[in-house]
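Engineer: Here is the input, now give the coordinates:
(4 chains)
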There are 4 protein chains.
Amino acid sequence: MTPLFTEDVELRGHIIDSLILPKAFDTIMDMGGDFDVLHIEVGRHKEDPSYARLRVKAEDEETLHEILAQLQNLGASLVTAQDVRTEPAPKDGALPPDFYSTTNLPTEVRINGRWVPVYPIEMDVAIVVDWENETAMTKPMLEVKKGEHVVVGHAGIRVRPLERSRQADVFSFMQSDVSSEKPKKLMIHEIAREMRQVKERGGKILVVAGPAIIHSGAGPYLAALIRNGYVDVLFGGNAIAVHDVEAALFGTSLGVNLQSGVPVEGGHRHHMRAINAIRNAGSLRAAVEQGILTRGVMYEAIRKGITLVLAGSIRDDGPLPDVITDVIEAQKAMRAALPGVELVLMISTMLHSIATGNMLPATVKTVAVDINPAVVTKLADRGSWQAVGLVTDAELFLRELTTALDVEMDEAL
Amino acid sequence: MTPLFTEDVELRGHIIDSLILPKAFDTIMDMGGDFDVLHIEVGRHKEDPSYARLRVKAEDEETLHEILAQLQNLGASLVTAQDVRTEPAPKDGALPPDFYSTTNLPTEVRINGRWVPVYPIEMDVAIVVDWENETAMTKPMLEVKKGEHVVVGHAGIRVRPLERSRQADVFSFMQSDVSSEKPKKLMIHEIAREMRQVKERGGKILVVAGPAIIHSGAGPYLAALIRNGYVDVLFGGNAIAVHDVEAALFGTSLGVNLQSGVPVEGGHRHHMRAINAIRNAGSLRAAVEQGILTRGVMYEAIRKGITLVLAGSIRDDGPLPDVITDVIEAQKAMRAALPGVELVLMISTMLHSIATGNMLPATVKTVAVDINPAVVTKLADRGSWQAVGLVTDAELFLRELTTALDVEMDEAL
Amino acid sequence: MTPLFTEDVELRGHIIDSLILPKAFDTIMDMGGDFDVLHIEVGRHKEDPSYARLRVKAEDEETLHEILAQLQNLGASLVTAQDVRTEPAPKDGALPPDFYSTTNLPTEVRINGRWVPVYPIEMDVAIVVDWENETAMTKPMLEVKKGEHVVVGHAGIRVRPLERSRQADVFSFMQSDVSSEKPKKLMIHEIAREMRQVKERGGKILVVAGPAIIHSGAGPYLAALIRNGYVDVLFGGNAIAVHDVEAALFGTSLGVNLQSGVPVEGGHRHHMRAINAIRNAGSLRAAVEQGILTRGVMYEAIRKGITLVLAGSIRDDGPLPDVITDVIEAQKAMRAALPGVELVLMISTMLHSIATGNMLPATVKTVAVDINPAVVTKLADRGSWQAVGLVTDAELFLRELTTALDVEMDEAL
Amino acid sequence: MTPLFTEDVELRGHIIDSLILPKAFDTIMDMGGDFDVLHIEVGRHKEDPSYARLRVKAEDEETLHEILAQLQNLGASLVTAQDVRTEPAPKDGALPPDFYSTTNLPTEVRINGRWVPVYPIEMDVAIVVDWENETAMTKPMLEVKKGEHVVVGHAGIRVRPLERSRQADVFSFMQSDVSSEKPKKLMIHEIAREMRQVKERGGKILVVAGPAIIHSGAGPYLAALIRNGYVDVLFGGNAIAVHDVEAALFGTSLGVNLQSGVPVEGGHRHHMRAINAIRNAGSLRAAVEQGILTRGVMYEAIRKGITLVLAGSIRDDGPLPDVITDVIEAQKAMRAALPGVELVLMISTMLHSIATGNMLPATVKTVAVDINPAVVTKLADRGSWQAVGLVTDAELFLRELTTALDVEMDEAL
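Structural biologist: Numbering: from 1, shown residues only, chains lettered A, B, ... in the order given. A predicted model of the protein is given here:
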């Protein structure tokens, strides 16, 4: 008979309703383990929490640890609680082999017998513990210094999974069901309502914006949202900024006239000339101050003083002086802009949206808008009930959103 | 030395500007032939037509005939004009082996020395000549009767290719360039202007409509277009009609509430119940007359008395009694509804749109709207400058179109 | 206080593991009901079935019935079992308003106190009871005759939901997770293994085939599968048959040379000539017998004597004499070919695949192959663990499949 | 009467066949100009070049210059040839406002009466002239130093457009016609033949590779191509390298087992652990030398000593120490690797492929492979007859390619 390794774990909350208990069963069996249900109490009424205690069994210790690590991500806690374990980082920017890699869910670690919250919440990073001050913080691998106390193994860690809201709102519409054939007008109005609520309670709204917004003629809508205070942080790349400047200076985007939709011969020169004009001015801000740039998304963002992070990419032309060409520096700038953000609109950019999504706690609500269903599925599928995906046209989405928010447009449109 | 077969052909019009001459050169060489330019006159000014006379050469007669057949489709006519040749159809619904298969371009055949227009213009069908009355008409293969005089070979046939309009309008925007990233608002307003003009001059507008219009909540916009006289002919299938009835009776489409976008449990029963309700009433018209169906696309179409053709498909549930389940009969009904149609909107249905496109002369302007770029490309690519494709959301497209046309909506919305 | 309507239901089996119990809780609450858990036993070990008895509550009778109807589809049965209720069909082809619309799951109805299986299993159809002989069969709405006893309401009906297999096979790989970025070679070899097993135990394999198979040059692979006995039933439309005949007669598909991939000028005439050749011969079978058609998918299907159903569609050219142009007749022919089918390959055709999927019991394993992820998602998402979707190229899929099955190809390739 | 500005231009070569003359007519009229055909000679035979002299007219000087600039890109040269004009760069990294922005076509400038070739050929960059040494080179805007002589205006510049090859090869198959429904096996074998020829004549082959290659299990094919000398330069990002390392160390890619396609629980930890393992080793090369990394694409690239450029992106995890995180530095490294490259395979990565495409002369043949038709269209549409697009599965493409090249695979597969 094979020797058995066992550990008892507990699960609490809406564990049946939110599919946590079935997932726990699945996980154990899929990973080659086994379990006994030691005790189970199912809430008799819909508001009642449930409780389960399981004995997890595996044939070797490593499998048991793997299983326990997975169960922790579902919110299970070990019945025999221990302190978190740490090991020193072996060198700058590298971790001990058995380091704990975080989820995007609220997490606590047990330090000297007390459960301490880890902050900020971010996925796929390390946790560094300050044993003296009894604090714990996440750090990207790259930023960990040699000798820092990095959490390893799975003991003394507690994750709080999202429970599914019973209150039906737009963010629970589309669980894993992204389709271009759903009615969108009402959804957009719900998103507008959510934006108003975030602003009323002092939260921040982040927009991650792709260049198709400008190409499709939707720049003025985004500019109006910024001007009216609905955007606190704007993430983008060189392309959206260049197209926006081109639109402001020449009325074209990649040489296509934004009023008529007709390509203007000589258009690719507009693109490079727009970049050159800003490089000659010194920066976007300098171009605004010198009266060169007098309209558009970048103009409004600078005039309104919102946080603007333009991250470089390998395909950039130019780039504009304002673009952070080192991607690690750009990630730092993005991370620094996230505290306080409660709602994120990701519009027509997979690259920047995935980068942003990787840094966001699961508790932040996200709206992913793209005309390509595959992109929306990828962005909206963050394992939570907090994301909504719309397969639709960025132009018509933003147009409807400004209408729903009663945002005043430029006379020019 | 190989024996050469030759024939002289002429090309006239904007043959350089509209790429007809280069295509002729290409065609001859791609098919293994050769040519001499006997004479060429290029218009000195942009309005001037050009003229070219070519001697086409091939090593065998069959290749020469193949080449001449292709050149005819580009508008070339043989210098030594002969009468068209015909052979009797060998049996009902079958043609002589060497039958001439039509294009969707205006075509003439030479009967007893006179050039006679062929009508109606339709692609991939046969031409039947009445030598006595000196007339020629197209007929689908299936409808040709044994013994009818079917055009064979390539002699005595003249095709008039479309010349590219110098006047920039929406229908020349997107020659082979379909993108979701173009500004669409202005294009939609141009389409609205075109619709108004068609109606003013007494032309007909055909809408080919897919079920996604109803799913996406855009049914009321299409209903309003019908009510306001902007739709003369409506082509669709069982699905759009069933979803429309479901929306009218239950407020859902495939069980999804059209106001909230939330699936209603028990929704698939709405679908089958909607069908059953109409089958019990006898037909859509009967359901309107009995006061069972009181709103929606089908209701407005019946009340307004426009031509409605619902063509069956293998995936139909039910179907509704109004659906023509024999696809050949359905094609006949569609064909019968085409005369007078000057503009076609194809919205969110590839199947019915391709079927319609196959029957349309190239001179009819078409607008193809779908969120899938591949569908739009397929539909808009009809080898003409008369088609425009929009990669966008049917819901937001129709919403903008009703706005552009100042169409009054139901209070209910 | 509102008056309460209640009913007790039971659930049995792997109801937690297969997510049935959580779905039941969800359903009740989403539909505005409430529940008490009267009794629950969770299997202590992974093989143990679980059991739950719930008291379902609602404020009105209609809501309660709606909820119970939904719970039935999850496998719940009423504690107080009654006989099924029927009402006579009001007219030919129409049902009583409260008719029970079937699922694609194994279903039983209670007749005179005995649970009787319903057959054949098909979704969205009616159940007709023969009280005298104590049998029950499904019937499409259209085929129900006036006066037949149609099941109404929800009493006396029992549905057996699919339980998730613990045994990991290819058909549980991709539950709701369709991606083009998964390794496919192994999956294709698993499908081949499944095909061998089906044939060994005497089951039938159905292939639903779209015209892209021919365009992409994959026709010879499908022909080889037929020749080697791996296809018992073949569903398709006019297009695949016409392209296959064109390929056999001219070596092209829609005028594109299948060896070189280069368009042959004059190609659209091949298409119509292929149709005409078969129409002149009389039928595909006649063309084979007359030695006109000597290779390809249709040739092998006819020579092998497998069941071939070609269903018409509104976009058909011709069509071939073998095509069933009435879609209702075509559905009947498809239905008649289904008994004994254990595995279905749906390749590059959304229309025929959806039509087929609508008729299949959930217990039949299906493989959906398309290069468009949206199509695969739509086809593979049949609410079961029996469907696998591959986002890939039909040509390379079939090539790999013939390799995996050691199928001998024509020398010609 | 409006004063007219005129200039005479000449066009030579296969200007009708390659559509250059019609495009010139179009360009002039689309830009609001007019023209007279002063002289035209059309080659009487297919090998004969043609010649046209046009008088271009416009109402103002700016329009005339715009038109001439466009005509230059079509290969027109001014009849009254002048030297190229230059102005000093106003500051480091910025250009004079009227700078000439290059195409990706072979270009000459006239220096002191002599036509001098510009090198290297790259699109959207500036030309810097060394008047003393009579040389001209392209420079990205960012690298131009204050005071360097930058070409402005349009005088003294000559561009040689690509002429369409009469020889049908795989690179002329798909002019603007990208479809998943074409036969691909033959195309892949043609590409293999082209690869062999490039290697035989000592040219270089560049592969731009996306992470889906690893996910889809195609890593071993790419590794085998490298090992067998078919790849001289490899461009990618952090993701493909990380997934490749994960596959080498754990047999998974993003936690999905590459043999079975089944997600391994705990998989996201493999991803971060792979990064950590390399960071601990110091670099990919160090990991190979230390015997940590013993198989896969990166291993073969390092062991074979090919040029490897990994460019950072904002969504990178880690990143690996070998990734160039500054995108401008990465562009420089990519540019430095291009000389000698004659063929580029772009596989499953839009970002890196567009970046590469922007740097390539139009004369380099490119093959774009992706399962998403929109990506292939974007990549293959470089305005030349040198690009071929395949809408297909990276895994099955690479598998077929290794077969076509008779490349020996690892026994392990």
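
Engineer: gap between the helix or strand hosting A:Thr63 and the chain center?
Structural biologist: Element membership for A:Thr63 (DSSP states H and E) is helix A:61-73. Offset of helix A:61-73 from its chain centre (C-alpha atoms, centre = their mean, to the nearest Å): 26 Å.

Engineer: Does anything pack onto it? Which helices or strands?
Structural biologist: strand A:5-13, helix A:20-30, strand A:50-58, strand A:157-159 (3 or more C-beta pairs under 8 Å, 6 or more residues apart in numbering or on different chains; DSSP states H and E). Any C-beta I mention is one placed from the backbone N, CA and C, and that applies to glycine too.

Engineer: Pretty sure A:Ile157 sits against A:Tyr100.
Structural biologist: Yes: in terms of C-beta atoms under 8 Å, A:Ile157 counts as a neighbour of A:Tyr100; the distance is 6.4 Å.

Engineer: Now list whatever residues contact both of these two.
Structural biologist: A:Val151 (C-beta atoms under 8 Å, 6 or more residues apart in numbering or on different chains).

Engineer: can you list the residues that contact stretch A:252-260?
Structural biologist: By C-beta under 8 Å, 6+ apart, stretch A:252-260 touches A:211, A:214-215, A:217, A:219, A:243, A:246-247, A:251, A:262-271, B:168, B:182-183, B:186.

Engineer: Sort out which of these are buried, if you could.
Structural biologist: A:211, A:214-215, A:217, A:219, A:243, A:246-247, A:262-271, B:182-183, B:186 (16 or more other C-beta atoms under 10 Å in any protein chain shown).

Engineer: quick one, domains of chain A?
Structural biologist: A:1-80, A:81-162, A:170-404 (automatic domain parsing).

Engineer: Out of the ones you listed, which one sits most buried?
Structural biologist: domain A:170-404 (a mean of 22; mean count of other C-beta atoms under 10 Å in any protein chain shown).

Engineer: thinking again about what came up before, so which of the helices and strands packed on helix A:61-73 gets nearest chain B?
Structural biologist: helix A:20-30 (20.2 Å; C-beta to the nearest C-beta).

Engineer: do the closest one and chain D meet?
Structural biologist: Yes: Helix A:20-30 reaches chain D (C-beta under 8 Å from any C-beta of the partner chain) through A:Thr27, A:Asp30.

Engineer: rewinding a little: immediately after the helix holding A:Thr63, which helix or strand?
Structural biologist: strand A:77-78.

Engineer: neighbouring contacts of the next helix or strand after that next one?
Structural biologist: Once the chain leaves strand A:77-78, the next helix or strand it forms, by DSSP H and E, is strand A:85-88. Residues from elsewhere that reach strand A:85-88, judged by C-beta under 8 Å, 6+ apart: A:96, A:98-99, A:129, A:131, A:146-153, A:155-156.

Engineer: at 6 Å instead, please
Structural biologist: With C-beta atoms under 6 Å, 6 or more residues apart in numbering or on different chains as the test, strand A:85-88 has contacts from A:Pro96, A:Val129, A:Gly147, A:His149, A:Val150, A:Val151, A:Val152, A:Gly153, A:Ala155.

Engineer: For those, work out which two are farthest apart.
Structural biologist: A:Gly147 and A:Ala155 (21.5 Å; C-beta to C-beta).

Engineer: quick one: contacts for the residue in the stretch 301-413 of chain A that chain B sits nearest to?
Structural biologist: Going by C-beta to the nearest C-beta, chain B is nearest to A:Leu396 of the stretch 301-413 of chain A, at 3.4 Å. Applying C-beta under 6 Å, 6+ apart to A:Leu396 gives the contacts B:Asp393, B:Leu396.

Engineer: and the residue lying closest to A:Thr325 once chain neighbours are set aside, what pLDDT?
Structural biologist: Among residues not flanking A:Thr325 along the chain, A:Gly312 sits closest, at 4.0 Å (C-beta to C-beta, 6 or more residues apart in numbering or on different chains). On the pLDDT scale, A:Gly312 is placed at 97.

Engineer: is it true that A:Gly312 touches A:Val323?
Structural biologist: Yes: with contact defined as C-beta atoms under 6 Å, A:Gly312 counts as touching A:Val323 (4.9 Å).

Engineer: list the contacts for A:Pro96?
Structural biologist: Contacts of A:Pro96 (C-beta under 6 Å, 6+ apart): A:Glu87, A:Val150, A:Val152.

Engineer: and the closest residue to it other than its chain neighbours, what pLDDT?
Structural biologist: The spatially closest residue to A:Pro96, leaving aside those adjacent along the chain, is A:Glu87, at 4.0 Å (C-beta to C-beta, 6+ apart). Looking at A:Glu87, its pLDDT is 97.
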